[in-house]
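In: Dropping a prediction and its sequence here:
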Amino acid sequence: MNISLRQLRVFKAVASQGSFTRAGANIGLSQPAVSRCVTELEQHLGLKLLDRTTREVVLTEAGRSLAVQLERVLDDLDAVLLESRGQATQRQGRVRVASSPTLSANLMPECIARCRRDHPGLEMLLLDRIQHDALASVVAGEVDFGVVIDAGARDDLHAETLFSEPFCLVCPPSHRLARRRSAKWTDLAGESLVLLDHASGSRRLIDDALHLHGVEAPVAQEVGHVTTILRMLDAGLGISIVPTLAVPPAELQGLVMRPLLPQIDRNIALVRRSNRTLTPTAEMAWQLVRRVAAERGNEAPSRRRQASASLSG
């Protein structure tokens with residue numbers, strides 16, 4: 001039956017007021033519009049709901065039965081709609097976010113701290129995962145969304161790029177490339193490299209860049225965390241290629257960071273399941289990560305200049 005909620009609400013008003021005119025005044029409709037709604041409802045139901053006279057409107061037996069049940073049904077519906085509206089404006093709840101390790105260490109702590117400050121009722125729970133597992137947890141619905149590196153084109157994910165950042169060279173201050181303001185990818189040929197392992201979202205991009213520039217260099221060590229790379233470089237075990245965000249200048253501790261030319265970037269992206277709408281709380285967290293990432297992206301050029309302007313040691 002093609003019965004509308006409007007027709008039911010109009011009938012309820014007529015039943016309670018006993019008059020088309022008073023019902024119309026109560027719900028903001030003209031008397032003819034009220035009469036038309038009731039007539040259409042009767043036609044759809046195949047029942048006469050009202051007996052109309054010039055002086056009054058009287059419910060039939062079918063009309064009284066419908067009015068009694070409709071009162072409860074519409075009250076329940078109003079309660080459901082009010083609850084849904086409350087969900088749209090609520091600022092409390094838990095949001096689960098999966099993040100790749102370098103982003104977990106260098107972007108997400110600030111996001112979580114900002115969340116606690118600006119939205120004390122919203123808890124952002126971080127799942128620190130390797131890139132593959134972070135993406136899998138988003139697809140499986142284990143988390144609300146993810147913050148990852150270059151998710152690529154996938155039908156099962158919606159991705160939104162937050163910002164791009166270049167890869168850079170990190171080496172001891174005694175290394176020959178440390179004396180330059182920048183280095184070329186081809187300068188890395190033959191050098192002993194300490195790189196993130198293939199579980200990292202960045203490793204594929206680094207390998208592609210080396211291949212693109214025809215660089216052949218032995219990989220001395222593959223590790224899971226940039227902090228480990230820095231300690232190995234400090235011990236003289238080689239040089240490394242890392243994303244700029246992964247190495248805040250304060251953590252270099254005597255090492256040197258230099259731009260790699262031509263510049264090759266990695267994209268930092270928010271990802272969620274395709275064709276799925278985020279909950280209001282998850283959307284709030286998504287927007288918060290966007291704002292923090294935008295600030296970090298705007299700061300990146302000055303950080304790179306700071307890192308390359310001086311030689312350490």
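Out: Thanks, I have the structure now.
In: After the helix or strand encompassing L81, which helix or strand is next? Please name it.
Out: Assigned by DSSP states H and E, L81 belongs to helix 61-89. Using DSSP H and E, the helix or strand that follows helix 61-89 in sequence is strand 93-99.
In: other SSEs contacting whatever helix or strand comes next after that following strand?
Out: Under the assignment DSSP H and E, the closest C-terminal helix or strand after strand 93-99 is helix 101-106. For helix 101-106, the elements it packs on are strand 122-128, strand 145-149, helix 226-234, judged by 3 or more Cβ pairs under 8 Å, 6 or more residues apart in numbering; DSSP states H and E. (Each C-beta comes from the backbone N, C-alpha and C, glycine too.)
In: Please produce TSV containing these, extended by mean pLDDT, distance to V247 and mean neighbour count.
Out: TSV is the format used below for the helices and strands packed on helix 101-106 (pLDDT from 0 to 100; distance: least, Cβ to Cβ, whole Å; neighbours: other Cβ atoms under 10 Å):
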stretch	mean pLDDT	distance to V247	mean neighbour count
strand 122-128	92	18	17
strand 145-149	94	15	26
helix 226-234	91	6	19
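In: so which of these comes closest to N267?
Out: With Cβ to Cβ, the closest approach to N267 among the helices and strands packed on helix 101-106 belongs to strand 145-149: 7.1 Å.
In: related to what we said a few turns ago, what residues of the helix holding L81 count as buried?
Out: For helix 61-89, burial by neighbour count (16 or more other Cβ atoms under 10 Å) applies to 63, 66-67, 70.
In: Then stretch 30-50?
Out: For stretch 30-50, by 16+ other Cβ under 10 Å, it's 34-35, 37-38, 40-42, 49-50.
In: which stretch of helix or strand covers R9?
Out: Per DSSP H and E: helix 5-17 holds R9.
In: Need the residues that contact that helix.
Out: Contact partners of helix 5-17, identified using Cβ atoms under 8 Å, 6 or more residues apart in numbering, comprise 20, 23-24, 26-27, 29, 34, 37-38, 40-41, 44, 49-50, 57, 59, 63, 66-67, 70-71, 74, 77.
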